[in-house]
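J.: this one's sequence-less:
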């Protein structure tokens, strides 16, 4: 395992508590002192990377949803792993291989088959992502044999500039994970961790920030730039709802698919409830937003108890919906993105009708919200403006590129809207909120560009940045905390 290439999978970044005496010391590797990003999992535990070397991380857990006692479970029903199943089966999984991407247990790494210890999601036959024929380069490289961003004889595959320095590296700083000079990790300045400011080690005191480009209802929100810790964590003595995983039939993929439903604690079939559709990021699945770090259940429940939010049903679907169920090798390619672009059809034609048939739903755009992180934020913006007749509230937390034509490390995005001028509606959402971490190393300034384009198109929106946050749960919880307070007329109460 220790000789594997160190790869940065762009997705939700999980934080784990680190102990000085962890499993890796027995194997001759140090404990992670700073990093909290899990980049590999095997039978020994969770592994991170510091100073270009492996280090051990204490395992983090997530809140598993309750399984629905479905007499006809789908092909993926009992797989609770949150990392990017498409229709429920893990990337590269074949037959009875139950090991999903980002596996938490079982010992076999991503896409592993039998005794093949290559962890990087290879397909059967031993070929890696994007590999064709005898091309041994695993990362969907272009012809010519040079990996992502490689120039000339520079052999480092991770989009490095000439000179051999990895992402964000400056001078002699050898840490490849987008760190700034001085050897400090993501967004950290002067020894401060995710989202931390000055000497505030607990990050408990959010700062009010000004609303931007809003009037009327949206202007009533007192935006703060972080989520208070007591809101994003479960409190003793509070009755929190539990997610239920259900199976439904998809006419888009022609098979059963899974999604999670969070009902209010006192759900009553005789009462109508508004709905929030909450979307995950790329390489994730319907379980990802249930991770405790994301705060979905804690934030919505704690705000409800404070009288700052409405009761609602929350739906967490799987956002990867390839047409006809024909999955492609996962990666940052347009062929893979197509499965996410197609989610609008799945949502409108299958998921929403299923919810209205099986649950006590209040219909109409004033009772319907859509929001998401990264790829989920990208799709929320597109769907919310494409079908503003159905969705009255739109939240985009660190939204990924692709809403409008653009280019980034993965190549050219043709755009869900083909022109900037199309990114608008004559009947715009009641609320549009866009947020992003100031140190986001993944989506760069695309979220701000979306805010600016909407403003140019005379579409009011709320925009704010989360100080110190990367593409991480700190950014997600800040966005969700502010957004939930706007939903379904709560600001008028």
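T.: Structure's in. What do you need? Bear in mind the structure is a predicted one, so any value in this text is a computation, not a measurement.
J.: use CA for all of it now, contacts and neighbours both
T.: Noted.
J.: what's around residue 27, how many residues?
T.: Neighbourhood size, residue 27 [other C-alpha atoms under 10 Å]: 10.
J.: how near is it to residue 47?
T.: Going from residue 27 to residue 47 by C-alpha to C-alpha, to the nearest Å gives 12 Å.
J.: isn't residue 440 right up against residue 469?
T.: Yes - here residue 440 reaches residue 469: they are 6.6 Å apart, a contact under C-alpha atoms under 8 Å.
J.: and these two? Which one has more around it.
T.: More crowded of residue 440 and residue 469, by other C-alpha under 10 Å: residue 469, with 26 against 20.
J.: report the secondary structure state of the more buried one.
T.: The three-state label given to residue 469 by DSSP: H, G, I helix; E, B strand; the rest coil is coil.
J.: pLDDT wise, what is it at?
T.: pLDDT, residue 469: 97.
J.: isn't it up against residue 438?
T.: Yes - using C-alpha under 8 Å, residue 469 is in contact with residue 438, at 5.8 Å.
J.: pretty sure residue 363 sits in a helix.
T.: No - under three-state DSSP, residue 363 falls outside any helix and is assigned coil.
J.: so it makes contact with residue 353?
T.: No - contact status for residue 363 versus residue 353: not in contact, 10.7 Å apart, counting by C-alpha under 8 Å.
J.: looking at those two, which one has more neighbours?
T.: Ranked by neighbour count (other C-alpha under 10 Å), residue 363 and residue 353 place residue 363 first, with 16 against 11.
J.: what about the closest residue to that one other than its chain neighbours, distance to residue 383?
T.: Excluding the flanking residues, the one nearest residue 363 by C-alpha to C-alpha, 6 or more residues apart in numbering is residue 274, at 7.2 Å. To residue 383, residue 274 is 18 Å away according to C-alpha to C-alpha.
J.: residues of stretch 438-449 that come out buried?
T.: 438-448 (16 or more other C-alpha atoms under 10 Å).
J.: out of these, the closest to residue 406 would be?
T.: For the buried residues of stretch 438-449, the closest approach to residue 406 (C-alpha to C-alpha) belongs to residue 446, at 9.0 Å.
J.: does residue 299 count as helix, strand or coil?
T.: Assigned with three-state DSSP, residue 299 falls in the helix class.
J.: what's the neighbour count on the closest residue to it other than its chain neighbours?
T.: Leaving aside its sequence neighbours, residue 299 sits nearest to residue 232 (C-alpha to C-alpha, 6+ apart; 4.9 Å). As a burial measure, residue 232 scores 25 neighbours (other C-alpha under 10 Å).
J.: please apply the same query to residue 362.
T.: 17.
J.: so how far is residue 351 from the residue nearest to residue 286 when sequence neighbours are not counted?
T.: Nearest in space to residue 286, with sequence neighbours left out and distances taken as C-alpha to C-alpha, 6+ apart, is residue 318 at 4.5 Å. Noted for residue 318: a distance of 10 Å to residue 351, by C-alpha to C-alpha.
J.: what touches both of those two?
T.: By C-alpha atoms under 8 Å, 6 or more residues apart in numbering, residue 318 and residue 351 have no common neighbours.
J.: who has more neighbours, these two?
T.: Set side by side, residue 318 and residue 351 show more neighbours around residue 318, with 28 against 20, by other C-alpha under 10 Å.
J.: all helices for the protein, in order.
T.: Assigned by DSSP state H, the helices in the chain fall at 229-232, 296-305, 334-341, 343-346, 352-358, 375-386, 446-456, 473-484.
J.: nearest to residue 58, of those helices?
T.: helix 473-484 (17.7 Å).
J.: could you tell me the angle between that closest one and helix 296-305?
T.: For helix 473-484 against helix 296-305, the angle by axes from the mean of the first three to the mean of the last three C-alpha atoms, to 10 degrees is 40 degrees.
J.: and helix 473-484, what does it pack against?
T.: Helix 473-484 sits against helix 296-305, strand 393-397, strand 431-437, strand 462-466, with contacts defined as 3 or more C-alpha pairs under 8 Å, 6 or more residues apart in numbering; DSSP states H and E.
J.: quick one: it to strand 462-466, angle?
T.: 150 degrees.
J.: so what touches helix 473-484?
T.: 12-14, 194-195, 221, 223-227, 232, 293-296, 299-300, 309, 373, 395-398, 433-437, 466, 469.
J.: give me the buried entries from those.
T.: Listed as buried from the contacts of helix 473-484 are 12-14, 194-195, 221, 223-227, 232, 293-296, 299-300, 309, 373, 395-398, 433-437, 466, 469; burial here means 16+ other C-alpha under 10 Å.
J.: residue ranges with poor pLDDT in the chain?
T.: The chain contains residues with pLDDT under 70 at 1-21, 37-42, 48-53, 59-214.
J.: which stretches in it count as strands?
T.: 40-42, 45-50, 53-57, 66-67, 244-250, 255-262, 275-279, 313-317, 368-373, 393-397, 406-408, 411-413, 431-437, 462-466 (DSSP state E).
J.: returning to what we had before: what distance do you get for the residue nearest to residue 299 to residue 412?
T.: Taken as C-alpha to C-alpha, the span from residue 232 to residue 412 is 36 Å.
J.: burial count for residue 332?
T.: Neighbours of residue 332 under the rule other C-alpha under 10 Å: 18.
J.: quick one: residues contacting the residue nearest to residue 394 when sequence neighbours are not counted.
T.: Nearest non-adjacent residue to residue 394, counting by C-alpha to C-alpha, 6+ apart: residue 432, 4.8 Å away. If a contact means C-alpha under 8 Å, 6+ apart, then residue 432 has 393-395, 460-462 as its contacts.
J.: need the buried ones from the residues you listed selected in PyMOL.
T.: Burial among the contacts of residue 432 is assessed by 16+ other C-alpha under 10 Å; the matching PyMOL selection reads:
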select buried, resi 393+394+395+460+461+462
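J.: Throw the contacts of residue 432 into JSON lines and include distance to residue 22, thanks.
T.: Formatted as JSON lines, those follow (distance: C-alpha to C-alpha, whole Å):
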{"residue": "393", "distance to residue 22": "45"}
{"residue": "394", "distance to residue 22": "42"}
{"residue": "395", "distance to residue 22": "39"}
{"residue": "460", "distance to residue 22": "50"}
{"residue": "461", "distance to residue 22": "46"}
{"residue": "462", "distance to residue 22": "43"}
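J.: show me which pair in the contacts of residue 432 is furthest apart.
T.: Farthest apart among those - using C-alpha to C-alpha - are 395 and 460, which lie 13.1 Å from each other.
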